[in-house]
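[1] what follows is a predicted protein model with its sequence.
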Amino acid sequence: MAEGKAEKPDAAATAESKQEAPAVRVAPSPHISKTALTTRWMMSDVLVGLAPVVAMAVVLFRWYAVVQIGLCVLTCLVAETLFCWMRRRPTSIDDGSAVVTGAILGLSLPWSAPWHIAVIGSVVAIGLGKAVFGGLGYNIFNPAMVGRAFVMLSFARELGASAYVTDRSQLDVVTQATPLTIAKKVAADLAAGAITVGDAQVQMESTRQLWPLFLGNVNGSLGETSALAVLIGGLYLCLRRSASWEIPAGVILSGLVLAGAADRLGLTAFTALHHVVSGSLLFGAFFIATDPVTSPLTARGKFLFGLGVGVLLVLLRVFSGYPEGVMFAVLLMNATTPLLNRWTIPRPVGGPAPQPEKA
Amino acid sequence: MSTEGTTNVPEEGPTALERFINGVLPENPIYRQLLGMCPTLAVTNAMKPAVTMAAATAFVLICSNIMVSLLRRLLKPHLRILVFTLTIATFVTIADRFLAAYVYEMSKQLGPYVPLIIVNCLIISRAEICASKQGLGVAISDGVGMSLGFGLGLATIATVREVLGSGTWFGLHVMPASWPNWGIMALPPGAFITLGLLLAVAEWATEKRASTALWRTVRMLWSWRH
Amino acid sequence: MTQPTPGKGGYIGQAWLVILLALLYGGGLAGVENALSGKIKANKRAETYSVIPDLVPGSDPDKTDEIMVRGENAKEGLVYRTRRTDGSHVGWVLPAAGQGFADRIELLIGLDSGVTTVRGMYVLNQRETPGLGDYITRADFQDLFRDKPADRPLAVVKTDPAADNEIRALSGATISSESVAAIVNRALANFREPLRALAVERSPGNARPDEAVE
């Protein structure tokens, strides 16, 4: 009955507001005070956070890093323009999301990946990862990881463990296999009985030191080698609240616990700490899993999401055919995001809204 | 309530030509009706298995349409599905044996997907929608049209997947030697991605003003002639 | 409404068409099977026989005997005894099967007469990952098994083989490669001694080249 009454003044108000704009805007809650929190602001923050990682990649891999990252960013921008045009929408390249997608995709590729992999990966990331769902904000999966998964499954040889290693290069770091590949092989050989525990220790000697792993003077994908650079950029993002700290905290926590357990059980040749600083665990935790579109909304949901990524990542590292598991771990957890959102709806202040009693 | 009620059903519905045309594009089994998704996804990694599958399905569909149309006045409503399945299963078994005898290599490659034609909804839906209600001529042309449409669907998906995934078409190299094979296209995810993108293309093409106008004109001409 | 009892004509009146069709179709299928089964069997046989000269170099597919051999696991298995055109015994073709990465893999293993060397390997049936695991059907992978020792197990390595019983894994398809090697190893463990015993027993038979086995 009340609604019927309210209708008339409402209609009058609308008619009024059409005539002249009100001097003071009154809006219902939520009241968002930080008007600067735009996509563009956030994405440029992520780019600032990625700066140390990119710098480290350029120091280690020189021109390979510049070309790889540059190509990915460029292709992502072109693809974004193209798909916006195809969908007859205003172009959205100035929100910076395509640059971030390109940079993260480039940083997750090996230095040796041929140009067509960067191009195909970028187009798929923007097209299949984002545009087909309706653009930024509607995508279910992290676009950069969709592109990475597509090229990973397509060009297994060019992106597999052997792609990282060569003896014909000016770069020092690429003459040895990536730390995780070594650990994987040693664990597999030990399990198969092909080598003794003594042999395993000799083979693990090159990766026993934590310090090079932390600084990043090892082989790997462009952005993953240096834990230090990732931590600097990642902590900046968390402090600026552009990335939620709950996600990396969850990833590192469950990663440490599960990798420690795997180490105890003799399933892996690395200790828990080695697992955290090697490969792209940190890079994934701070830069990939924290994508606000594809991770849960609530703090509790974010932490659970992080825990899930960490668990899947260690399981994939220990039991799958791949040495690393960040990509598939993030993609799988992306799929659970709507579920986590539903499970972790926060309790409104003052308890739930009163429901009418059932007759 | 009489079980013999079907004997006096007046035969109406689309003509043979309409049935044929509808099957190929406007009601394309794959792009319009989304029927027969199992073979669509499973055997389209190359042209050869796709075309073999399309041919086997065409054989079963046309034969089942013929049988069902001939038997349509004898069908009892509550036993019709049983008769349809019996007919389809028989022709699928015949197709399977013929493939094993004359195209052994393809039969090995298609494996369980030939027997699975039995559960291809396209065939039973045509029996239900067309063959059990219309005469032999219409049923045959419906079967041929739908088979062509199904084959067209399989062939388009297989073309995309084989060219991108293996750089070949019908096993012949069509891409330059330096072509990097997109492995994912030969794998199951490639089937889903290709089907999705081609569905979008089909939707986009039929949405176009020009093609809509064309279809409208063609349809108008038919309805005017009859 | 649904009727608990059949309507006019009873069960037969209701179902005569289904029964008649079932008989008709059954008869038709029997006819098709009768007409084609010979050809289908011949297809399967022809595939095996077409690779015999390649699996055991020097053998003549027309001079091959199919014999049942009791393996170490006490089960009988079909083994092809291959002979030269003049009838002398050159080796064995041993069918073997086992679990691959995706599904069952069926192989043919070519052996010399004394079961000391693997002379060849051929993948009859497989459903490994297209583009990776299905490379086990490629000639360059199958040739890796040529002239490997048959007296000890083969090992799959990811680097260049160091020992003569090592086989380089396909990159990206280690599990498929290992499955093939494991199937070969298991079949050899099962049939090595029985076949050797047969070869010794048969060796005077070489003097009588046209001796029929069965």
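    It's in.
[2] quick one, what contacts the closest residue to chain A within chain C?
    Distances between chain C and chain A by Cβ to the nearest Cβ are smallest at residue C:172, namely 4.3 Å. (C-beta placed from N, C-alpha, C; glycine too.) Going by Cβ atoms under 8 Å, 6 or more residues apart in numbering or on different chains, residue C:172 touches A:156-157, A:160, C:132.
[3] to which secondary structure element is it assigned?
    Counting by DSSP states H and E, no helix or strand carries residue C:172.
[4] which one is it nearest to, not counting chain neighbours?
    residue A:156 (4.3 Å; Cβ to Cβ, 6 or more residues apart in numbering or on different chains).
[5] that neighbour: neighbouring residues, count only.
    19 (other Cβ atoms under 10 Å in any protein chain shown).
[6] most neighbours out of the contacts of residue C:172, which is it?
    That'd be residue C:132 among those, by other Cβ under 10 Å, with 22 neighbours.
[7] around chain B, which positions in chain A sit nearby?
    A:114, A:116-117, A:120, A:128, A:132, A:150, A:153-156, A:158 (Cβ under 8 Å from any Cβ of the partner chain).
[8] quick check, central residue of chain C?
    residue C:95 (3.7 Å; Cα atoms, centre = their mean).
[9] just the CA trace of the strand or helix carrying that residue, in CSV.
    Following DSSP H and E, one finds residue C:95 within strand C:89-99. Output of strand C:89-99 as CSV, limited to C-alpha atoms (Å, rounded to 0.1, in the frame of the first residue of the first chain):
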residue,chain,number,x,y,z
HIS,C,89,63.4,-69.2,-39.1
VAL,C,90,64.4,-65.5,-38.7
GLY,C,91,62.5,-64.3,-35.7
TRP,C,92,59.3,-63.6,-33.9
VAL,C,93,56.6,-60.9,-33.9
LEU,C,94,55.2,-60.6,-30.5
PRO,C,95,51.9,-58.7,-30.1
ALA,C,96,51.7,-56.8,-26.8
ALA,C,97,49.3,-54.3,-25.1
GLY,C,98,49.1,-52.1,-22.1
GLN,C,99,48.0,-48.9,-20.6
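[10] sheet partners, orientation included, of that strand?
    strand C:76-83 (antiparallel), strand C:104-112 (antiparallel) (DSSP bridges).
[11] for the first one, what is the average pLDDT?
    Looking back up the chat, that one is strand C:76-83. Mean per-residue pLDDT for strand C:76-83: 86.
[12] gap between that strand and the chain center?
    11 Å (Cα atoms, centre = their mean, to the nearest Å).
[13] scan chain C for its longest helix.
    helix C:10-55 (DSSP state H).
[14] show me how far that helix is from its chain's centre.
    23 Å.
[15] tabulate the CA atom coordinates of the next helix or strand after that helix in PDB.
    Counting by DSSP H and E, the next helix or strand C-terminal to helix C:10-55 is strand C:60-70. Output of strand C:60-70 as PDB, limited to C-alpha atoms (Å, rounded to 0.1, in the frame of the first residue of the first chain):
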ATOM      1  CA  ASP C  60      58.600 -63.200 -45.800                       C
ATOM      2  CA  PRO C  61      55.100 -62.500 -44.700                       C
ATOM      3  CA  ASP C  62      53.800 -65.400 -46.700                       C
ATOM      4  CA  LYS C  63      55.900 -67.800 -44.700                       C
ATOM      5  CA  THR C  64      54.700 -66.600 -41.300                       C
ATOM      6  CA  ASP C  65      53.200 -69.100 -38.800                       C
ATOM      7  CA  GLU C  66      50.700 -68.100 -36.100                       C
ATOM      8  CA  ILE C  67      51.400 -70.100 -33.000                       C
ATOM      9  CA  MET C  68      50.000 -70.000 -29.500                       C
ATOM     10  CA  VAL C  69      52.800 -69.800 -26.900                       C
ATOM     11  CA  ARG C  70      52.300 -70.200 -23.100                       C
END
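[16] in the stretch 51-200 of chain A, what residue spans correspond to helices?
    A:63-86, A:97-107, A:115-127, A:143-154, A:156-159, A:179-192, A:197-204 (DSSP state H, counting those that start in this stretch).
[17] dump the ones you listed into a markdown table; add distance to residue B:84 and mean pLDDT as well.
    A markdown table is the format used below for the helices of the stretch 51-200 of chain A (distance: least, Cβ to Cβ, whole Å; pLDDT from 0 to 100):
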| stretch | distance to residue B:84 | mean pLDDT |
| --- | --- | --- |
| helix A:63-86 | 43 | 93 |
| helix A:97-107 | 51 | 94 |
| helix A:115-127 | 42 | 95 |
| helix A:143-154 | 40 | 93 |
| helix A:156-159 | 45 | 80 |
| helix A:179-192 | 53 | 76 |
| helix A:197-204 | 64 | 76 |
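[18] let me have these in JSON lines, adding distance to residue B:19 as columns.
    Formatted as JSON lines, the helices of the stretch 51-200 of chain A follow (distance: least, Cβ to Cβ, whole Å):
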{"stretch": "helix A:63-86", "distance to residue B:19": "35"}
{"stretch": "helix A:97-107", "distance to residue B:19": "48"}
{"stretch": "helix A:115-127", "distance to residue B:19": "38"}
{"stretch": "helix A:143-154", "distance to residue B:19": "41"}
{"stretch": "helix A:156-159", "distance to residue B:19": "46"}
{"stretch": "helix A:179-192", "distance to residue B:19": "59"}
{"stretch": "helix A:197-204", "distance to residue B:19": "70"}
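[19] what's the closest of those to residue C:20?
    helix A:143-154 (52.6 Å; Cβ to Cβ).
[20] contacts made by that closest one with the rest, please.
    A:100-102, A:104-105, A:108-109, A:113, A:117, A:120-126, A:128-130, A:159, A:288, A:327-328, A:330-331, A:334, B:180-185, B:187, B:189.
[21] the strands paired with strand C:89-99: which one's closest to residue A:80?
    Comparing the strands paired with strand C:89-99 by Cβ to Cβ, strand C:104-112 comes nearest, at 45.3 Å.
[22] after that closest one, next one along is what?
    Assigned by DSSP H and E, the successor of strand C:104-112 is strand C:117-125.
[23] buried sites along that next one?
    C:117-125 (16 or more other Cβ atoms under 10 Å in any protein chain shown).
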